[in-house]
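Peer 1: next input, structure requested:
(one chain, ligands or ions: 1)
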Amino acid sequence: MSAENPQGEYITFSEGEYQIPDRPLIGALPGDGIGPDIWSATKMVLEAAVAKAYAGKRKICWQPLTAGEAAFKESGSYLPEATLAAIEKLKIAIKGPLATPIGGGIRSLNVALRHHFDLYACIRPVRYYEGVPNPMKRPGDLDVVIFRENTEDVYAGLEWAAGSEEAEALGDYLRDKLKAKVRPGSALGIKPMSPEGSKRLIRAAIQYAIDNDRKMVTMVHKGNIMKFTEGAFRQWGYEMAKAEFADKIITEEELVTKYEGEWPPGKIILNDRIADAMFQQLLLRPDEYDVLATPNLNGDYLSDACAAQVGGLGIAPGANVGDGIAIFEATHGTAPKYAGLDKVNPGSLILSGKMMLDFMGWRKAGALVEKALQATILGRRVTYDLARQMNDGEEVRCSTFGELIVAAM
Ligand code: NAD
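Peer 2: Here you go, the predicted structure:
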């Protein structure tokens with residue numbers, strides 16, 4: 001770890017709040033493949049926005065960190081202890097994509113990071129930027145923020161191959177003790193969902209809605225079929241909201257029974273939808289939805305479907321957040337064939353940086369980033385992925401796209 005800017009101060013976290021100094025130290029992990037290209041464009045844009053918004057009073061002091069292939073070359077480890085310790089101390093970091101090492105028993109470095117820091121909420125805002133090619137008639141109607149549970153559900157990594165000793169032992173137990181009809185020789189997976197894991201995710205979504213003046217939180221589940229896991233997710237959400245947010249939240253049912261359908265000012269509505277119906281709703285009535293809280297698998301599918309709906313899969317931002325640690329990241333991978341070509345779209349990491357600025361309370365700088373990115377897309381000088389879908393788009397390099405965004409501020 002090399003200190004890029006030694007005058008920075010550490011961000012602290014106490015009583016559920018981050019304290020952000022004017023010169024915060026923030027972890028920067030460029031990542032693998034196209035990571036260094038998109039990171040240099042992102043760094044340039046974020047620094048320009050902060051300088052412009054706060055006239056030099058505030059400045060991010062980047063703390064360069066390594067993970068992935070670069071770290072492996074340096075230290076023989078894809079996720080060095082020094083990097084993990086630094087993130088723990090810094091509290092906030094931004095990262096490019098990391099390649100999943102082939103072989104060596106590592107499932108994914110991203111999953112490892114989420115598990116290590118218990119980053120239980122994957123947050124993906126999805127909104128339309130005018131001029132982005134997309135398949136919808138009114139793409140601007142969709143403006144949602146998805147909170148996807150990141151640690152449980154069928155992604156917990158509890159699965160065993162067909163014919164393995166573990167699958168056979170578990171199969172025997174299910175058949176003998178629980179009289180479950182499981183065919184011998186089946187592959188088996190477990191879907192753990194806990195009250196704590198579900199409630200903290202839904203709590204984070206509700207708190208986000210309160211802090212960001214959003215109107216509705218929708219829990220998306222498949223509780224009609226998976227009653228004790230996804231059905232319970234929904235139930236735990238309503239119980240927690242009643243116990244902890246009674247002054248802020250009303251349920252959709254209460255809107256009808258207590259308020260005769262008149263939305264009481266200042267209240268956020270908590271409702272729920274079955275996942276398959278939600279895919280239809282988001283296509284047919286996107287403007288009726290706002291913040292979504294979902295178990296892991298539903299959230300994974302929904303975030304990509306929503307991003308595609310606004311044409312923004314290549315510029316979709318994201319963050320993985322726990323209690324006291326937040327890592328902002330590009331949602332795409334390392335696109336190895338474009339590595340080092342200064343060609344790809346840095347938009348996903350730039351907008352993740354905008355999310356980070358908002359998260360820090362530096363909203364003026366965040367708004368500048370978003371406005372300038374929007375103006376640049378409308379200027380139709382964009383990276384290859386957008387240019388090739390626009391009738392009159394001009395292709396520019398990744399670094400040029402970053403420079404155009406800075407110039408548009
Ligand atoms: P990928 O997202 O890297 O690339 C798929 C294709 O999408 C690319 O070939 C390219 O055409 C396009 N693309 C991706 N990012 C782009 C950008 N910024 N601008 C323009 N076009 C872009 O997916 P993959 O090929 O499945 O995965 C490659 C590696 O990335 C794997 O090792 C995988 O594990 C890793 N990965 C990491 C993350 C992460 O770090 N969060 C996420 C997904 C995949």
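Peer 1: and the spatially most distant residue from the centre of the chain, how far from residue 164?
Peer 2: The C-alpha centroid of the chain is most remote from residue 176, which lies 41.7 Å away (Cα atoms, centre = their mean). Distance, residue 176 to residue 164, by Cβ to Cβ, to the nearest Å: 18 Å. Placement of C-beta: from N, CA and C, glycine included.
Peer 1: again with residue 244
Peer 2: The gap separating residue 244 from residue 164 is 42 Å, by Cβ to Cβ.
Peer 1: which residues touch residue 311?
Peer 2: Contacts for residue 311 (Cβ atoms under 8 Å, 6 or more residues apart in numbering) come out as 128, 132-136, 139, 389.
Peer 1: from these, pick the one nearest residue 221.
Peer 2: Within those, proximity to residue 221 (Cβ to Cβ) peaks at residue 136, which comes in at 25.4 Å.
Peer 1: residue 127 reaches residue 310, doesn't it?
Peer 2: Yes. At 6.6 Å, residue 127 and residue 310 qualify as touching, with contact defined as Cβ atoms under 8 Å.
Peer 1: look at the two and report which has more neighbours.
Peer 2: residue 310 (24 against 17; other Cβ atoms under 10 Å).
Peer 1: excluding chain neighbours, what is closest to the more buried one?
Peer 2: With sequence-adjacent residues excluded and distances taken as Cβ to Cβ, 6 or more residues apart in numbering, residue 310 is closest to residue 128, at 4.1 Å.
Peer 1: how many other residues sit next to that neighbour?
Peer 2: Residues lying near residue 128 (other Cβ under 10 Å) number 20.
Peer 1: got it, and residue 111?
Peer 2: By other Cβ under 10 Å, 15 other residues sit near residue 111.
Peer 1: mind listing what the residue nearest to residue 35 when sequence neighbours are not counted touches?
Peer 2: Excluding its sequence neighbours, the residue lying closest to residue 35 (Cβ to Cβ, 6+ apart) is residue 96, at 2.9 Å. Counting by Cβ under 8 Å, 6+ apart, residue 96 makes contact with 29-32, 34-36, 38-39, 329-330, 334, 349.
Peer 1: out of those residues, which end up buried?
Peer 2: 29-32, 34-35, 38-39, 329-330, 334, 349 (16 or more other Cβ atoms under 10 Å).
Peer 1: between the two ends of stretch 161-169, what distance do you get?
Peer 2: 12 Å (Cα to Cα, to the nearest Å).
Peer 1: no no, stretch 174-187
Peer 2: By Cα to Cα, one end of stretch 174-187 lies 13 Å from the other end.
Peer 1: go on, stretch 181-196?
Peer 2: End to end - Cα to Cα - stretch 181-196 spans 30 Å.
Peer 1: one more: stretch 334-349?
Peer 2: With Cα to Cα applied, stretch 334-349 spans 12 Å between its terminal residues.
Peer 1: partner residues bridging the residue nearest to residue 292 when sequence neighbours are not counted?
Peer 2: Computed as Cβ to Cβ, 6+ apart, the closest residue to residue 292 that is not its neighbour in sequence is residue 146, at 4.8 Å. In this entry, residue 146 is beta-bridged to residue 124, residue 292, by DSSP bridges.
Peer 1: related to what we said a few turns ago, residue 187: which of the buried ones among the contacts of residue 96 is nearest?
Peer 2: Nearest to residue 187 among these: residue 334, at 29.1 Å, using Cβ to Cβ.
Peer 1: what about the residue nearest to residue 292, how many neighbours?
Peer 2: Per other Cβ under 10 Å, the neighbour tally for residue 146 reads 25.
Peer 1: now do the contacts for it.
Peer 2: Residue 146 neighbours (Cβ under 8 Å, 6+ apart): 122-126, 292, 294, 299, 302-303, 306.
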